[in-house]
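Novice: Take a look and give me a structure for this.
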Amino acid sequence: MRGKENITSRNASVSALTLLITTIVGFSLCSSVYAWSYKEAAAPYKGTSIRILDEVTPLQETMKALVPQFEKETGIKTEYELLNHFDVISKGQADMLSGRGHYDAVMLHSLQLGPLLDAGVVLDITGMLGNTQLTNPDLGLADLIEPPYSSTSKHQGKQYGFLNWNYNNVYWARNDLLSHAGEKSAFKAKYGYDLGPAKTMQQMRDIAEFFTRKKGQQLAGATLESDFYGIVMEGIKGGTTFPSLWFNFLTNWGGGLLDANGAPAFDTPENIAALRFWADLWKYSPPGQAEYSLIDVPTVMGNGIAAQTIAWSDFVFGIDVPGKSALHGKFVYGNIPRNEAFDGPMTTAGEPSIVVISKASKNPEAVYLFMQWMVDRATQEKLLNAGGGGVPIRNSSWDLPVMNKPGLASLAAAMRESMKGSYGKPKMPNFFEVYDEMASIIQQIGLGQMTPEEGVKVGQEKLLKICKKCLL
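Specialist: Presented below is the predicted three-dimensional model:
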């Protein structure tokens, strides 16, 4: 009986093992047959046409060249339209708010999300994220760089997009001047420490003062044929002058725009100190700075009439390249200099941006596939390789050879550090009203037409008229 029982037991074990192997093999075969792909996911939408509005920069122009690959793989016809910074905001918002639906999706800077979420015109993609047929299981959203990603694309438990463009400010200086033996000797004699890329705001101010020279004076052993300036900054009433001041200066002095409850808090001693420091830098800037936009600042640096700046990193790619500036290869980059008198968490001005689906779109699923494809690891690698580098949205992109090539290492390190303190703007429904008022006030402070003390008082009054609690 015992032998018979053993045989029966062995047969049962063999049968169980056979069933297990069959199940594993079958599951493997099914997984292989039904592996997710953009082609299969897009099959129901093949032949669909979608229209995407994005901003024109060297990065987006490179992305546009890759879009035909998405069309070929999915059969989804994609019109990828690029407009300048100001037009992409006005035209994109107007289309979404009107409900016209000319654009299926629009790139939004983080500052635009408050007004458009409040208007209810942005499609929540949370449900699509949970759709296994539509969502790439290997999309790797945990690889997207924080805090820019979550602070921009998510709000109150809902998600509206991915991190598409990781705009950030970096410190940008003339390394040929900072490393010149004669200039280094003269600087140390005057300030008592070694000349080099600014690590603190106070060093940046010293460098600005030191390198401001008049026509006919010497600079790095040569006679100047025109005036030279120690620093250049954005000063235009529009553009990104105020957001850059907000997160590069105000918050790094312990100030800001709002208190912890979202109420206006502009009239603080910290903001007065930050504005005084910022306005002082204008003494060492070109006389036309009040008309300089985010586009003009890189041009001034490329033309070689300023020693340093704080600029948007993506615009560097249009200047520090062969043929664009005679100074190509002579620049050095770093994170935004820290205020040595402030030991709180450091912030940097950034404008993380996402592509969102308009609620008026008739093809949200097709657009959602395009949105995933844009941030996919493979697409991002192609984008950075094709552009000879770029501004990463993924942590894994920092390890790509193209991001570590000679000539880019300094900028890449600067961007990486800058992104650690870069957040999407607070989601304020009245952001543009606030922005218009603040932009005017701070320009007057920079021009010396208003003192910092007067400016924060007027600014606080204006803010309180717009919103008592300013967050969505």
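Novice: What is the end-to-end distance of stretch 444-457?
Specialist: 13 Å (CA to CA, to the nearest Å).
Novice: Buried residues in that stretch, which are they?
Specialist: Residues of stretch 444-457 classed as buried by neighbour count (16 or more other CB atoms under 10 Å): 444-446, 450, 452, 455-457. Every residue, glycine included, has its C-beta placed from N, CA and C.
Novice: neighbouring contacts of it?
Specialist: With CB atoms under 8 Å, 6 or more residues apart in numbering as the contact definition, stretch 444-457 has outside contacts at 235, 266-268, 271-273, 275-276, 278-279, 282, 289-290, 441-442, 458.
Novice: could you redo the last one with a cut-off of 10 Å?
Specialist: With contacts defined as CB atoms under 10 Å, 6 or more residues apart in numbering, stretch 444-457 is touched by 233, 235, 237, 241, 245, 255, 265-283, 285, 289-290, 438, 440-443, 458-459.
Novice: ok, of the buried residues of stretch 444-457, which one's closest to Met374?
Specialist: Among the buried residues of stretch 444-457, Gly446 lies closest to Met374 (CB to CB), at 37.3 Å.
Novice: Please, where are all the strands along the stretch 201-350 of the chain?
Specialist: 218-219, 222-223, 308-312, 331-334, 350-357 (DSSP state E, counting those that start in this stretch).
Novice: ranking these by burial, who's on top?
Specialist: strand 350-357 (a mean of 28; mean count of other CB atoms under 10 Å).
Novice: Could you report the neighbour count for the closest residue to Lys46 other than its chain neighbours?
Specialist: Among residues not flanking Lys46 along the chain, Gly75 sits closest, at 3.5 Å (CB to CB, 6 or more residues apart in numbering). Applying other CB atoms under 10 Å, we find 15 residues neighbouring Gly75.
Novice: quick one: pLDDT of Gly75?
Specialist: For Gly75, the pLDDT comes out at 98.
Novice: so it makes contact with Ile50?
Specialist: No: assessed by CB atoms under 10 Å, Gly75 is found out of contact with Ile50, at 11.7 Å.
Novice: what sits in contact with each of the two?
Specialist: Overlap of the contact sets of Gly75 and Ile50 (by CB under 10 Å, 6+ apart) consists of Ala366.
Novice: Could you dump the strands of the stretch 201-350 of the chain into CSV and include distance to Met403?
Specialist: Converted to CSV, those look like this (distance: least, CB to CB, whole Å):
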stretch, distance to Met403
strand 218-219, 33
strand 222-223, 35
strand 308-312, 18
strand 331-334, 13
strand 350-357, 18
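Novice: does the residue nearest in space to the middle of the chain count as helix, strand or coil?
Specialist: Closest to where the C-alpha atoms of the chain average out (CA atoms, centre = their mean) is Tyr167, at 2.0 Å. Tyr167 falls in the strand class when you classify it by DSSP: H, G, I helix; E, B strand; the rest coil.
Novice: which residue sits closest to it, ignoring its sequence neighbours?
Specialist: Closest to Tyr167 by CB to CB, 6+ apart is Glu351, at 4.2 Å.
Novice: mind listing the helices in the stretch 1-150 of the chain by residue range?
Specialist: For the stretch 1-150 of the chain, the helices defined by DSSP state H, counting those that start in this stretch occupy 2-33, 38-41, 58-74, 85-98, 110-119, 126-129, 148-153.
Novice: least reliable of those going by mean pLDDT?
Specialist: Sorting the helices of the stretch 1-150 of the chain by mean pLDDT places helix 2-33 lowest, at a mean of 43.
Novice: between the strands of the stretch 201-350 of the chain, which one is nearest to Val67?
Specialist: Closest among these, using CB to CB: strand 350-357, at 12.5 Å.
Novice: downstream neighbour of the closest one in the secondary structure list?
Specialist: Tracing the chain past strand 350-357, the next element assigned as helix or strand by DSSP states H and E is helix 364-375.
Novice: distance between that following helix and the chain's centre?
Specialist: Mean-position distance between helix 364-375 and its chain equals 20 Å (CA atoms, centre = their mean, to the nearest Å).
Novice: how about the next helix or strand after that helix: buried residues?
Specialist: Per DSSP H and E, helix 364-375 leads on to helix 377-386 as the next helix or strand towards the C-terminus. Neighbour-count burial for helix 377-386, with 16+ other CB under 10 Å as criterion, is recorded at 379-380, 382-384.
Novice: Could you list the residues in contact with helix 377-386?
Specialist: Residues from elsewhere that reach helix 377-386 (CB under 10 Å, 6+ apart): 59-60, 62-63, 65-67, 69-70, 136, 138-140, 143-144, 372-376, 389-394, 396-397, 400-403.
Novice: Report the buried members of these.
Specialist: 59-60, 62-63, 66-67, 70, 136, 139, 144, 372-376, 389-394, 397, 400, 402-403.
Novice: By mean pLDDT, point me to the weakest helix or strand of the protein.
Specialist: helix 2-33 (a mean of 43; mean pLDDT, DSSP states H and E).
Novice: First-to-last residue distance for stretch 207-220?
Specialist: Span of stretch 207-220 from end to end, CA to CA: 14 Å.
Novice: from the buried residues of stretch 444-457, which two are the most distant?
Specialist: Counting by CB to CB, the most remote pair of the buried residues of stretch 444-457 is Gly446 and Lys457, 17.0 Å apart.
Novice: Give the helix, strand or coil label for Met450.
Specialist: Under three-state DSSP, Met450 comes out as coil.
Novice: what are the phi and psi values for it?
Specialist: phi -150, psi 140 (degrees, to the nearest 10).
Novice: Kindly state the pLDDT recorded for it?
Specialist: For Met450, pLDDT reads 98.
Novice: any idea how far it lies from Ile442?
Specialist: Relative to Ile442, Met450 is positioned 9 Å away (CB to CB, to the nearest Å).
Novice: Can you pull the residues that touch both of the two?
Specialist: With CB under 10 Å, 6+ apart as the test, Met450 and Ile442 both reach 275, 279, 459.
Novice: can you pick the most crowded of the residues you listed?
Specialist: Leu275 (27 neighbours).
Novice: pretty sure it contacts Leu250?
Specialist: Yes: the pair Leu275 and Leu250 qualifies as a contact (CB under 10 Å) at a distance of 7.7 Å.
Novice: Which residues are in contact with each of the two?
Specialist: By CB under 10 Å, 6+ apart, the residues touching both Leu275 and Leu250 are 266, 442.
Novice: Tell me where the model's unsure across the stretch 301-450 of the chain.
Specialist: Flagging of the stretch 301-450 of the chain using pLDDT under 70 yields an empty set of residue ranges.
Novice: Now the residue nearest to Lys46. Its backbone dihedrals?
Specialist: Main-chain torsions, Gly75, degrees, to the nearest 10: phi 80, psi 10.
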